[in-house]
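Participant: okay, here's the prediction I keep looking at, along with the sequence it came from:
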Amino acid sequence: MVESVSVSALWNGCEVDTGLKLQLLVLAEMIKISAGVRIYAKEMKKIKDFYRSLTILLNSTEDAELLVFSMAILARLVLTESSLLLQISI
């Protein structure tokens with residue numbers, strides 16, 4: 001489900017679309033509450049493309065909801081990665 005949500009969210013581009021907002025919200029919440037989803041998302045083959053697409057979305061929209069959902073996804077994935085690296089180094 002994570003891959004299908006992320007792929008379909010990115011294929012729609014930066015249009016102000018209720019479906020896109022819902023998909024990003026669902027993905028943000030799934031990443032927030034599930035370590036398994038975070039791990040799966042980080043291990044996707046196209047994770048760099050996913051990060052790049054979310055960054056492009058952040059830079060090309062003024063829609064507050066799209067900004068919040070995209071930032072939440074990026075922040076949770078990046079912060080999780082940072083905390084894992086910190087735990088490994090300790």
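Facilitator: Structure's in. What do you need?
Participant: and the residue sitting nearest the centre point of the chain, what helix or strand is that in?
Facilitator: Among the residues of the chain, the one closest to the centroid is residue 73, at 3.5 Å (C-alpha atoms, centre = their mean). With secondary structure defined by DSSP states H and E, residue 73 is part of helix 64-89.
Participant: from memory the residue nearest to the centre of the chain sits against residue 55, does it?
Facilitator: No: with contact defined as C-beta atoms under 8 Å, residue 73 and residue 55 do not form a contacting pair (10.8 Å). For glycine as for every other residue, the C-beta is placed from the backbone atoms N, C-alpha and C.
Participant: check the spacing between residue 37 and residue 63 real quick.
Facilitator: For residue 37, the distance to residue 63 under the criterion C-beta to C-beta, to the nearest Å works out to 24 Å.
Participant: swap that for residue 41, please
Facilitator: Spatial separation of residue 41 from residue 63 under the definition C-beta to C-beta is 23 Å.
Participant: looking at the two, which is more packed in?
Facilitator: The neighbour count for residue 41 versus residue 63, taken as other C-beta atoms under 10 Å, is higher for residue 41 (22 against 16).
Participant: what packs against the helix or strand encompassing that one?
Facilitator: When secondary structure is defined using DSSP H and E, the element that contains residue 41 is helix 35-42. Based on contacts counted as 3 or more C-beta pairs under 8 Å, 6 or more residues apart in numbering; DSSP states H and E, the elements that helix 35-42 packs against are helix 2-11, helix 18-33, helix 64-89.
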